[in-house]
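**Q** Sequence first, then the predicted structure, then my questions.
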Amino acid sequence: MMKSKGFISILIFNVVANICCNYIGQQGRILHEKFEPIFSNEIPNGYLQIFKPSIKKDLVLINTLKIKYRSPIATFYYDKRYYLQTYLIDSDFNSSLKKLHFESVYDDGKADAYYSLIGLSNINYQYKLAMPEKISDIYLNLYGSTSQMIMKNDSIAFYTSNFNSLSIKYNRTEDNDIYCWGSVNQKDVPIEILFLRKNLSLYLLIMSPTDRERPFSVNTLYNLIN
């Protein structure tokens, strides 16, 4: 009798688990159809103007992820030695970056939201499939060794880390809008992160070396912006 009850319990669990997995998969497919994430080989309008003219010849586009209702996410090679991801967070941002909230605590990235993935050899990037929200606050969680703020003023917030995970959200109680973590066997990945407010546009730039053993020169990412 006990074995029979145990078998029934396992059967019920498996049925419920299959229903949940099917529901999650269906929801994911519905969201992908709604937000239509696709890759292209076009550099988004206006993205190159944030860089100094002298370095543009060393920027080579890898791809651009286009997600409906969200600005494109462009990934470049820079100088054949770095990955550089560039994203326009908001085209109508009128707040000071001095107010950006920064912390360094573990974040496993678990969320109720669905995301579109960009996978590089050293870092995986996830961008939430959701309608954009008006941004007034920014919460950056940069978890890893030596995570630190280098500069913060009205128009620039600049950080470095040997990171394990990175998350960005615009409301402390909401799911992450962006979540990044080291690829397989990639821990303590050296990165530089820069938020740039230019006119009323707010950009996010994330740079990492293609070879993790190659150290950054001082302020490599900061020295690229115009």
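**A** Arrived safely, thanks for sending. Model, not experiment: these values are computed from the prediction.
**Q** Could you look up the next helix or strand downstream of the lowest-mean-pLDDT helix or strand in the chain?
**A** Ranked by mean pLDDT, DSSP states H and E, the weakest helix or strand in the chain is helix 2-35, scoring a mean of 44. Using DSSP states H and E, the helix or strand that follows helix 2-35 towards the C-terminus is strand 38-40.
**Q** what pairs with that following strand, and is each one parallel or antiparallel?
**A** Sheet pairing of strand 38-40 (DSSP bridges) gives strand 59-66 (antiparallel).
**Q** Leu61: neighbouring residues, count only.
**A** For Leu61, the neighbour count with other C-beta atoms under 10 Å is 17. Every C-beta, even on glycine, is put in place using the N, C-alpha and C of the backbone.
**Q** correction: Ser95
**A** By the criterion of other C-beta under 10 Å, Ser95 has 15 neighbours.
**Q** Enumerate the beta-bridge partners assigned to the residue nearest to Asp188 when sequence neighbours are not counted.
**A** Of all residues not flanking Asp188 in the chain, Asn162 sits nearest, at 4.0 Å (C-beta to C-beta, 6 or more residues apart in numbering). Counting by DSSP bridges, Asn162 is bridged to Ser145, Pro190.
**Q** ditto for Gln126
**A** Beta-bridge partners recorded for Gln126 (DSSP bridges): Leu117, Tyr179.
**Q** separation between the residue most central in space within the chain and Asp58?
**A** A centroid search over the chain (C-alpha atoms, centre = their mean) returns Ile178, at 4.0 Å, as the residue closest to the centre. From Ile178 over to Asp58 the distance is 25 Å, taken as C-beta to C-beta, to the nearest Å.
**Q** same deal with Lys99?
**A** Using C-beta to C-beta, Lys99 is found at 33 Å from Asp58.
**Q** List the buried residues in whichever helix or strand Leu142 is part of.
**A** Element membership of Leu142 [criterion: DSSP H and E] is strand 139-152. Across strand 139-152, burial judged by 16 or more other C-beta atoms under 10 Å covers 139-144, 147, 150, 152.
**Q** next one: stretch 163-172
**A** Neighbour counts over stretch 163-172 (16+ other C-beta under 10 Å) mark 163-170 as buried.
**Q** Make CSV from those and add pLDDT, distance to Ala74 and secondary structure to it.
**A** Converted to CSV, those look like this (pLDDT from 0 to 100; distance: C-beta to C-beta, whole Å; DSSP: H, G, I helix; E, B strand; the rest coil):
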residue, pLDDT, distance to Ala74, secondary structure
Phe163, 89, 21, strand
Asn164, 90, 25, strand
Ser165, 91, 22, strand
Leu166, 92, 18, strand
Ser167, 93, 21, strand
Ile168, 94, 17, strand
Lys169, 92, 22, strand
Tyr170, 92, 21, coil
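**Q** circling back to that earlier point, any figure for the gap between the residue nearest to the centre of the chain and Asp112?
**A** According to C-beta to C-beta, Ile178 and Asp112 sit 16 Å apart.
**Q** Ile43: helix or strand, and which one exactly?
**A** Using DSSP H and E, Ile43 falls outside every helix and strand.
**Q** Give me the spatial nearest neighbour of it, chain neighbours excluded.
**A** Leu61 (5.4 Å).
**Q** cool, and Tyr143?
**A** Counting by C-beta to C-beta, 6+ apart, Ser165 is the residue found nearest to Tyr143 once chain neighbours are left out, at 4.7 Å.
**Q** No more questions from me, cheers.
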